[in-house]
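> model the following, please.
(one chain, ligands or ions: 1)
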Amino acid sequence: MTRDELIKWHINYRMLNSSSPGMSEEGYRWMVLHGNPSDEELERQKTVLEEQEAQWRKSPPKTCSICGEKYYGWGNNAWPVNEGRCCNECNSDSVIPARLRGVQGPMIPDKSKRRKGGK
Ligand SMILES: [Zn+2]
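Residues are numbered from 1 along each chain as shown. Just a heads-up that it's a prediction; the model follows:
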């Protein structure tokens, strides 16, 4: 893959998996190229992301706590809509607007309540 193709791949991947809807392609390009990664680094990140995706495909789907639909992958923190996790659609349609409006509590969740166990 040429560097251009690699960069395109990363931009595409981010656009498909983004939790920041509405960001322009230029924005993603900036994110991908931020820190001026080498070709090897872009290649390495691509491998990591592809492996991650292969893992998601193998793991059973989870149920979105907002719409009840199944989704694959990490999902998104549904706060402040509810305490669970949600699909990408609900994240961009409900959760992010709710956060932007600041409907419940502070904009920044209490970190002490998050990430129990694990890394
Ligand atoms: Zn959903």
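
> count the residues that sit near the residue nearest to Glu83 when sequence neighbours are not counted.
If the residues on either side of it in the chain are set aside, Glu83 comes closest to Ser65, at 7.6 Å by C-beta to C-beta, 6 or more residues apart in numbering. (C-beta placed from N, C-alpha, C; glycine too.) Ser65 is flanked by 16 other residues according to other C-beta atoms under 10 Å.

> what about Ser65, which SS state?
With DSSP: H, G, I helix; E, B strand; the rest coil as the basis, the three-state label of Ser65 is coil.

> gap between it and Arg85?
Noted for Ser65: a distance of 6 Å to Arg85, by C-beta to C-beta, to the nearest Å.

> between these two, what contacts are shared?
When contacts are counted by C-beta atoms under 8 Å, 6 or more residues apart in numbering, Ser65 and Arg85 are jointly contacted by Ala78.

> quick check: Asp93 vs the ion, distance?
8 Å (C-beta to the ion, to the nearest Å).

> you'd agree that residue is in a strand?
No: using three-state DSSP, the assignment for Asp93 is helix, not a strand.

> what about Lys70, how many neighbours?
When neighbours are defined as other C-beta under 10 Å, Lys70 has 11 of them.

> just checking, it touches Lys62?
Yes: the pair Lys70 / Lys62 is scored as a contact, 7.0 Å apart, by C-beta atoms under 8 Å.

> in the helix or strand of the chain with the lowest mean pLDDT, what's buried?
Among the secondary structure pieces of the chain, namely its helices and strands, helix 96-101 has the lowest mean (mean pLDDT, DSSP states H and E), a mean of 88. By neighbour count with 16 or more other C-beta atoms under 10 Å, helix 96-101 contains the buried residues Ile96, Arg99.

> and the helices in this protein?
Listed in chain order, the helices of the chain (DSSP state H) span residues 3-17, 25-33, 39-58, 88-90, 96-101.

> who are the contact partners of Tyr78?
Careful, residue 78 is Ala and not Tyr. Applying C-beta under 8 Å, 6+ apart, we find Ala78 in contact with Ser65, Ile66, Gly84, Arg85, Cys86, Cys90, Asn91, Val95.

> got it, and Arg57?
Going by C-beta under 8 Å, 6+ apart, Arg57 touches Tyr72.
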